[in-house]
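Peer 1: Generate a structure from the sequence data that follows.
(one chain, ligands or ions: 1)
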Amino acid sequence: MSALYDRIGASYSATRGADPRIEALIKDALGDARSVVNVGAGTGAYEPTDREVLAVEPSATMIAQRRRGSAPALQARAESLPLPDQSFDAALAVNTLHHWTDLRAGLRELRRVARKRIVIFMRDPRRGQPFWLTEDYLPSLDPSRKYSAVADAIGEELPSVKALPFALPRDCADGLFVAYWGRPEMYLDGEVRRNISNFALAEEGNLAEGLARLKADLASGEWDRKYGELRRLESLDLGHRVLVAELA
Ligand SMILES: C[S@@+](CC[C@H](N)C(=O)[O-])C[C@H]1O[C@@H](n2cnc3c(N)ncnc32)[C@H](O)[C@@H]1O
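Peer 2: Predicted coordinates:
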């Protein structure tokens, strides 16, 4: 099964570990669910270890990076889950919906296989604070349009969904696109960028000018003059939300 992350995910686990605060948030949102299907599970970063879990993931490269002893993984896509109706208490999807080819079909599949609730963790860039990297340096990486479509599809397919904002800690352990909002030097690191799909999918040539300008602004102190206060904040709301849809 060919998959995007077979191409871009080879070193994913190097910078994309689970952040314990996001982990706690997700565990809380799963509530009393005793069985969980984790769709778009990747390397298994946010899978709870205190309940029965099945991972569903299309990329063999990502499945190969799952830790020994982690939950069993099924190679499949969200749009067509090879699972019976209502076979898990909860369906979980973490930072994956924006990759699904047919988002609505995937959401309908989550609803079909879950008995009690659906838990989604994602960023909606239309919420929270503007992100300096896309505002000032790399506007071509602004994912707002794509995420608007994701948020609209969720609203239509899961009308009962409730959203809880999550301010991203400055030392976030999961190297997400916006994780380095207060550690700008990290965006100059090629390995960090390789494990962020927004960067990995972009043409290198389109990023060169913005990255060069960021490097120069960091060296001259210009970045700190404009944004230096971010280095002192503990956390920042950049639009991450945990979404919970109760089904029962
Ligand atoms: C950014 S990673 C997140 C992985 C994991 N949930 C985490 O938080 O570490 C996105 C994952 O979605 C998977 N993915 C892409 N298209 C998918 C689809 N159509 N159905 C299910 N998963 C998909 C990718 O292969 C990748 O593992």
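Peer 1: near the ligand, which residues of this structure?
Peer 2: Counting by CB under 6 Å from any ligand atom, the positions of the chain adjacent to the ligand are 3-5, 16, 39-43, 45-46, 57-59, 62, 77-79, 94-96, 99-101. All C-beta spots, glycine's among them, are computed from the backbone N, C-alpha and C.
Peer 1: lowest-confidence helix or strand of this structure?
Peer 2: The weakest-scoring helix or strand in the chain, judged by mean pLDDT, DSSP states H and E, is helix 12-15 (a mean of 82).
Peer 1: Just want the most central residue of the protein.
Peer 2: Asn95 (2.2 Å; CA atoms, centre = their mean).
Peer 1: That one is in contact with Ile120, isn't it?
Peer 2: No. Using CB atoms under 8 Å, Asn95 is not in contact with Ile120; the gap is 9.3 Å.
Peer 1: Quick one: residues in contact with the least confident helix or strand of the chain.
Peer 2: The contact list for helix 12-15, computed with CB atoms under 8 Å, 6 or more residues apart in numbering, reads Tyr5, Gly42, Thr43, Thr61, Met62, Gln65, Gly175, Glu191, Val192, Asn195.
Peer 1: tell me the contacts of the fourth one?
Peer 2: So that's Thr61. With contacts defined as CB under 8 Å, 6+ apart, Thr61 is in contact with Ala3, Tyr5, Asp6, Gly9, Ala10, Tyr12.
Peer 1: where do the helices sit along the chain?
Peer 2: Using DSSP state H, the helices found in the chain span residues 4-8, 12-15, 20-30, 60-64, 103-113, 132, 144-157, 190-194, 197-200, 204-220, 222-227.
Peer 1: so how far is the ligand from the residue lying farthest from the centre of the chain?
Peer 2: In the chain, the greatest distance from the average C-alpha position (CA atoms, centre = their mean) is reached by Ser220, at 32.5 Å. Plainly put, Ser220 is 33 Å away from the ligand if you go by CB to the nearest ligand atom, to the nearest Å.
Peer 1: Find me the pLDDT at that residue, would you?
Peer 2: pLDDT for Ser220: 98.
Peer 1: do the same with Met1
Peer 2: At Met1, the model reports a pLDDT of 51.
Peer 1: what's the answer for Glu229, then?
Peer 2: At Glu229, the model reports a pLDDT of 98.
Peer 1: Ok, the one 5 residues further on next?
Peer 2: Reading off the per-residue confidence, Glu234 sits at a pLDDT of 98.
Peer 1: Next, the contact list for the closest residue to it other than its chain neighbours, please.
Peer 2: The shortest distance from Glu234 to any non-neighbouring residue, by CB to CB, 6 or more residues apart in numbering, is to Arg170 (6.0 Å). By CB under 8 Å, 6+ apart, Arg170 lies in contact with Trp181, Gly182, Arg183, Leu230, Arg231, Leu233, Glu234, Ser235, Leu236.
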